[in-house]
Structure formats: C-alpha cells, structure tokens
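A.B. asks: based on what follows, work out the 3D shape:
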Amino acid sequence: MNEPEGLRFRRINRPQIITDETHEPQYKGTSTYSGKVFRVTLLTLGGFLLFPLLVVVFLLESPIQPEAFSLNEPPFMTGCFEPNLKLRQAERLFEDQLIGPESIANIGDVLYTGTADGKIVKIDGRKMSVLATLGKPPCGSREQEHVCGRPLGIRVGPNGTLFVADAYLGLFEVNPVTGESTLLVSTRKMVGGRRLSFINDMDVTQDGKKVYFTDSSSRWQRRDYLSLIMEATADGRVLEYDTETKEVTVMMENLRFPNGIQLFPDEESVLVAETTMARIRRVHVAGLNKGGMDTFIDNLPGFPDNIRRSSSGGYWVVMSAVRPNPGFSMLDFLSQRPWIKKLLFKLFSQDMMMKFVPRYSLVVELQDGGTCVRSFHDPHGMVAAHVSEAHEHNGHLYLGSFRSPYLCKLDLSKV
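C.D. replies: So this is what the prediction gives:
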C-alpha cells in the first residue's frame with residue numbers, strides 16, 4: 001500500500017471538549033407532556049382567580065366617591081406630644097358589661113353614658129343600671145343600629161336633666177331619675193333642605209335656651225363612619241336648636257366630619273373637631289362675629305373626636321388614631337390618592353379596613369389658643385383602646401370609647 005492510499009483510510013481523532021453545556025440525550029415523551037399540562041393548568045387557575053378581581057376593579061362601582069384633599073406634614077411627636085405610657089395606668093371599669101360608652105356626663109358622683117346597644121346607663125359607684133332605651137329592639141348589630149339607636153354625645157342641662165344626641169333618632173332630653181325621654185329634634189326633620197343623617201355631639205348653654213350640635217354628614221350614617229372619613233365628604237354641619245322656639249338653624253356647613261363640640265366660656269363660639277382634617281375649628285354662634293369661623297388648632301398629631309372642658313380651664317381632646325412622625329400615616333397617604341380608596345372599598349369591608357388602622361390612644365390637654373399642655377398615650381391601645389372622650393371628674397379622667405367593652409378611669413394625681 002502506498003502512502004497516498006493509506007492516507008485515505010486514516011481518521012483524524014480530534015480531542016473532545018467536555019463542558020457543562022454538553023447535552024444529554026433528549027427523550028420526548030410523558031415528562032414533556034406532563035410539563036405542558038401543568039403549565040396550562042396553572043395558567044387556567046390563575047385566570048379563574050384573576051378574572052373576578054378584574055371584574056371588581058373595573059366593573060363594580062365603588063361605594064365611596066372620595067375627594068382629594070391636602071393635609072400638612074404631621075407634627076413631630078416631640079415636646080408636649082412626646083410618646084409615653086401614661087394611659088396604661090388607667091383602670092378598666094365594668095369590662096364586658098357595656099359596649100362602646102361613647103360619651104360621659106355626671107350629676108354629683110353618678111355617671112351616665114350611652115352604649116352601642118342603644119341604652120343610656122347609670123353608674124353609681126360599682127352599680128350599673130339601665131336608665132332608658134331610646135330606640136326599639138333588636139339591638140347589638142350593625143344592621144339594626146339605625147332602629148335600635150346609638151346614643152353618642154351626652155350632657156347635663158341647667159335644670160339637671162340629661163341631653164342626649166342619638167346618631168339615628170335625634171336630640172333627646174332624659175329625666176335622670178325616671179328615665180322618661182322627650183324627643184327635641186327628630187332626624188326626620190329637614191334642615192336647610194337636608195336630613196340630619198349623623199347627629200354626633202352636642203353642648204347646652206348655661207341658661208338652657210340653646211343646644212348646639214354636630215351633624216357629621218348628610219350622606220353617611222354613623223355605622224358608615226369609615227366611609228365618611230375616607231370619602232372626605234365636606235357635607236357636615238353645626239346646628240343650633242332653640243329650646244323656646246323649637247327652631248333648628250344651620251350655623252356652619254361644608255365641614256369634613258364635624259365631630260365633638262364644646263362651648264367657649266363666653267358662649268359666643270363653639271369648638272368643633274373636624275376629624276378628617278385633623279384640626280379643631282372655632283365657629284362663632286353669637287356676638288359680633290356670628291356666622292364666622294377660624295381655626296383653633298391645626299395639624300394635630302391625630303384625628304380628634306370629642307372635646308370636653310378640663311378643670312384648669314383648658315380642653316381635653318382625644319384621638320384614637322394618630323399620624324406618627326416619624327412614621328407612616330395611612331390616612332395622610334391616601335388623602336391625595338382617591339383612586340386607591342375606591343379600590344380598597346371595592347375589595348374590603350369596613351371591618352376589614354379598620355384592621356389596617358393601627359391602634360393608638362392619645363389624650364391631649366389644650367389651653368386657650370390651642371397650646372398643648374400635656375398628653376397621655378397608650379401605643380397599640382393595650383389598656384384604653386378606641387378612645388372617644390375624656391371626661392374629668394373629681395381628679396380622674398373617665399375615658400369613653402366608641403367600640404371597646406369597658407369604661408376607663410385614670411387617676412390624674414398619678415400621671
């Protein structure tokens with residue numbers, strides 16, 4: 001065999017490089033088919049889950065029509081607003097025996113309050129009894145609240161009777177001995193072309209001739225208070241009831257959730273908590289400035305509820321939700337994002353939404369001019385939760401609540 005012929009049969013053995021990318025033999029069969037089935041099933045399941053959500057987001061109407069509004073940057077929680085644990089020194093009274101004692105009044109050492117099940121109760125020492133029921137049973141559920149009634153603000157008049165603001169039924173005068181009640185203003189009454197949908201708090205002049213009260217909204221009722229806050233509807237009013245002429249007059253309107261109300265010492269103006277705006281307004285109801293309004297204190301560290309006089313001549317203001325700074329305030333964040341509010345109310349109920357609002361109870365004492373004197377805190381509402389009012393009597397603060405099953409008592413000499 002010559003050289004050329006040998007070359008024809010020679011194989012060139014090139015070196016084989018083995019790497020991680022060396023492919024194993026591919027076997028098409030059941031594994032590939034199973035993978036496809038899994039992916040199709042996963043996508044189908046995702047579609048079934050996503051479709052109802054898309055329907056909710058794009059087709060269903062939101063129960064609220066929120067307005068965008070502006071809040072100032074919350075004040076720093078320093079100085080007078082420095083967090084502490086002083087409210088945790090409070091004592092719980094009648095735990096699990098009454099629900100939602102919103103507001104408190106006293107005649108001597110006897111206390112009176114209204115509860116979530118439509119009752120006005122009398123507390124004499126360690127004894128509690130039902131004084132009156134303004135509505136009709138059944139009571140105790142959100143669905144029946146408008147029939148049962150919900151007593152909110154309560155005051156003692158100059159003749160020793162109780163004045164009670166019921167959110168659904170109207171203004172009442174109640175005999176503190178017999179429990180006999182007289183309807184003064186019905187929520188069926190049209191005032192200024194609008195119904196009274198959410199009567200909240202009230203105060204009475206020293207001569208008993210005038211009763212000033214808040215109607216928090218013409219659109220929303222008390223049981224939908226979170227919808228009112230989120231929608232930021234500016235349809236709240238301050239009204240005057242004349243006990244002699246029986247006439248009801250609008251003193252101020254276009255307020256965002258007017259809540260607690262307190263007469264000034266000269267009785268020519270009232271302080272009104274404008275809850276949604278985290279401020280307290282001063283509405284002039286008599287004198288030369290009648291019909292006017294100015295701001296008593298703006299940009300509070302929380303959202304104010306009831307206002308009551310303190311023994312030092314100032315005012316107790318309570319807040320059950322704060323605007324932490326430093327920190328994150330959901331309500332501040334949402335104030336200029338109405339589309340997020342709409343989405344949230346499409347997806348979640350009011351009870352579920354409440355779980356997103358951190359508990360934080362705050363009571364502040366303000367002097368004339370809105371200067372903060374002192375504050376009592378309960379971060380996370382461990383002892384005093386969902387506070388609605390601070391009523392001072394005999395060296396103690398009695399703390400009302402719009403939903404907690406107890407009343408709290410704080411010894412002011414210890415804080």
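A.B. asks: tell me the helices and strands packed up against the helix or strand where Cys408 lies.
C.D. replies: Cys408 belongs to strand 407-411 when assigned by DSSP states H and E. Applying 3 or more Cβ pairs under 8 Å, 6 or more residues apart in numbering; DSSP states H and E, one finds that strand 407-411 makes contact with strand 91-93, strand 396-401. No exception for glycine: its C-beta is placed from N, CA and C like everyone else's.
A.B. asks: for the shortest one, packing partners?
C.D. replies: Helices and strands touching strand 91-93, by 3+ Cβ pairs under 8 Å, 6+ apart, are strand 407-411.
A.B. asks: just the CA atoms of the strand it packs on, as PDB, please.
C.D. replies: Extracted C-alpha coordinates of strand 407-411, given in PDB (Å, rounded to 0.1, in the frame of the first residue of the first chain):
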ATOM      1  CA  LEU A 407     -65.000  52.300  80.600                       C
ATOM      2  CA  CYS A 408     -61.600  53.500  81.700                       C
ATOM      3  CA  LYS A 409     -60.700  55.600  84.800                       C
ATOM      4  CA  LEU A 410     -57.300  57.500  85.100                       C
ATOM      5  CA  ASP A 411     -56.100  59.000  88.300                       C
END
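A.B. asks: let me know the pLDDT of Leu53.
C.D. replies: With respect to pLDDT, Leu53 scores 57.
A.B. asks: any idea which of the helices and strands packed on strand 407-411 is most buried?
C.D. replies: Highest mean neighbour count among the helices and strands packed on strand 407-411 (mean count of other Cβ atoms under 10 Å): strand 396-401, with a mean of 26.
A.B. asks: next, the angle strand 407-411 makes with that one.
C.D. replies: 150 degrees (axes from the mean of the first three to the mean of the last three Cα atoms, to 10 degrees).
A.B. asks: can you give me the mean pLDDT across strand 396-401?
C.D. replies: Here the average pLDDT along strand 396-401 is 98.
A.B. asks: re earlier: list the neighbouring strands of the strand holding Cys408 plus their orientation.
C.D. replies: Counting by DSSP bridges, the strands paired with strand 407-411 are strand 91-93 (antiparallel), strand 396-401 (antiparallel).
A.B. asks: after the first one, which helix or strand is next?
C.D. replies: For strand 91-93, the following helix or strand on the C-terminal side (DSSP H and E) is strand 104-107.
A.B. asks: and the contacts of that following strand?
C.D. replies: 111-113, 154-156, 160, 162, 176, 389, 391, 393, 398, 400, 407 (Cβ atoms under 8 Å, 6 or more residues apart in numbering).
A.B. asks: show me what whichever helix or strand Ile280 is part of is packed up against.
C.D. replies: Using DSSP H and E, the element containing Ile280 is strand 279-284. Using 3+ Cβ pairs under 8 Å, 6+ apart as the contact criterion, the elements in contact with strand 279-284 are strand 248-255, strand 269-274, strand 293-297, strand 302-309.
A.B. asks: mind putting those into CSV with mean neighbour count, mean pLDDT and distance to Arg188?
C.D. replies: As requested, the helices and strands packed on strand 279-284 are exported to CSV (neighbours: other Cβ atoms under 10 Å; pLDDT from 0 to 100; distance: least, Cβ to Cβ, whole Å):
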stretch, mean neighbour count, mean pLDDT, distance to Arg188
strand 248-255, 18, 98, 12
strand 269-274, 26, 98, 24
strand 293-297, 17, 97, 28
strand 302-309, 24, 98, 25
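A.B. asks: on that earlier part again, now which of the contacts of strand 104-107 would you call buried?
C.D. replies: Leu111, Tyr112, Thr113, Ile154, Arg155, Leu162, Pro176, Glu389, His391, Tyr398, Gly400, Leu407 (16 or more other Cβ atoms under 10 Å).
A.B. asks: leaving out the residues flanking it, which one is nearest to the residue nearest to the spatial centre of the chain?
C.D. replies: Geometric centre of the chain, nearest residue: Leu226, 5.9 Å, by Cα atoms, centre = their mean. If the residues on either side of it in the chain are set aside, Leu226 comes closest to Gln350, at 4.8 Å by Cβ to Cβ, 6 or more residues apart in numbering.
A.B. asks: ramachandran angles for the one you found?
C.D. replies: When read as degrees, to the nearest 10, the backbone of Gln350 gives phi -60, psi -40.
A.B. asks: surely it touches Ile229?
C.D. replies: No. Counting by Cβ atoms under 8 Å, Gln350 does not reach Ile229; the two are 10.3 Å apart.
A.B. asks: so between these two, which is more surrounded?
C.D. replies: For Gln350 versus Ile229, neighbours defined as other Cβ atoms under 10 Å are more numerous around Ile229 (24 against 15).
A.B. asks: sec struct for that one, please.
C.D. replies: Look at Ile229: counting by DSSP: H, G, I helix; E, B strand; the rest coil, its state is helix.
A.B. asks: excluding chain neighbours, what is closest to it?
C.D. replies: Per Cβ to Cβ, 6+ apart, closest to Ile229 is Thr276, 5.6 Å.
A.B. asks: name all residues that make contact with the closest residue to Thr161 other than its chain neighbours.
C.D. replies: Distances taken as Cβ to Cβ, 6+ apart place Glu173 nearest to Thr161, at 5.3 Å, with adjacent residues excluded. Shown in contact with Glu173 (Cβ under 8 Å, 6+ apart): Gly157, Thr161, Leu162, Phe163, Val164, Ser181, Thr182, Leu184.
A.B. asks: so what sits opposite Glu173 in the bridge?
C.D. replies: Going by DSSP bridges, Glu173 forms beta bridges with Phe163, Thr182.
A.B. asks: from Thr276, how far off is Lys346?
C.D. replies: Counting by Cβ to Cβ, to the nearest Å, the separation of Lys346 from Thr276 is 21 Å.
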